[in-house]
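A.B. asks: Provide a 3D model corresponding to the input given below.
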Amino acid sequence: MDLQEAKYKFIQEWGVLGSSWGINRAMAQIHALLMLAPESKTTDEVMEELKISRGNANMNMRALIDWGLVFKEYKPGERKEYFYAEKDLWNVMKQIAKERRKREIVPIRDVLAEVSEAELGNTAEGKEFKKVTKDIDAIISKFDGFIDIAAKSDQNWFLKVLSKLIK
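C.D. replies: Now for the predicted structure:
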């Protein structure tokens, strides 16, 4: 397998993986392309390499910037914008965890807090509702705490703790 084949295969697989962490395939493929690039790329270069439209490239590039995974730079004497990706995988994973927390955990915790205030009555259904939502909140709180610790921690410390937990 040559470099182009390996690069293509990686970009395709990273695109599939991206849907697991809440982004679309094209967005993940752009991220992979920029991670592999030794230098920043223009939107035109991204479009050409991935065979995607300008609208698709622009929309997903902006989303990657919003996620904190891609950054914009300007080169002296150039009018075009150049983009590059965070290459430290630990920082990438922490950023993904923070964004997923913001998009998934915070909204469900807000809903759970709101429904915990509801007048549920003393029926079996009301008691079951309260029990289930309280259990869900307890698990999500633990997961949220874990994400918070991981996001604030040093990679070596976190991996040491994680390896102890796995053993």
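A.B. asks: And what about the residue nearest the centre of the chain, helix, strand or coil?
C.D. replies: The chain has Ile96 as the residue nearest its centroid, 2.9 Å off, counting by C-alpha atoms, centre = their mean. Of the three states, Ile96 takes helix under DSSP: H, G, I helix; E, B strand; the rest coil.
A.B. asks: Give me the spatial nearest neighbour of it, chain neighbours excluded.
C.D. replies: Trp21 (5.2 Å; C-beta to C-beta, 6 or more residues apart in numbering). Yep, even glycine has a C-beta here, placed from its N, CA and C like the rest.
A.B. asks: What about that neighbour, how many residues nearby?
C.D. replies: By other C-beta atoms under 10 Å, 13 other residues sit near Trp21.
A.B. asks: just to revisit the earlier point, isn't the residue nearest to the centre of the chain up against Gly18?
C.D. replies: No: the criterion here is C-beta atoms under 8 Å, and Ile96 misses it with Gly18 at 9.5 Å.
A.B. asks: Asp66 versus the nearest residue to Ala28 once chain neighbours are set aside, what's the distance?
C.D. replies: Counting by C-beta to C-beta, 6+ apart, the nearest residue to Ala28 once its immediate chain neighbours are dropped is Gly18, at 2.3 Å. Separation of Gly18 from Asp66 (C-beta to C-beta, to the nearest Å): 15 Å.
A.B. asks: ok, these two, which is more surrounded?
C.D. replies: Gly18 (20 against 10).
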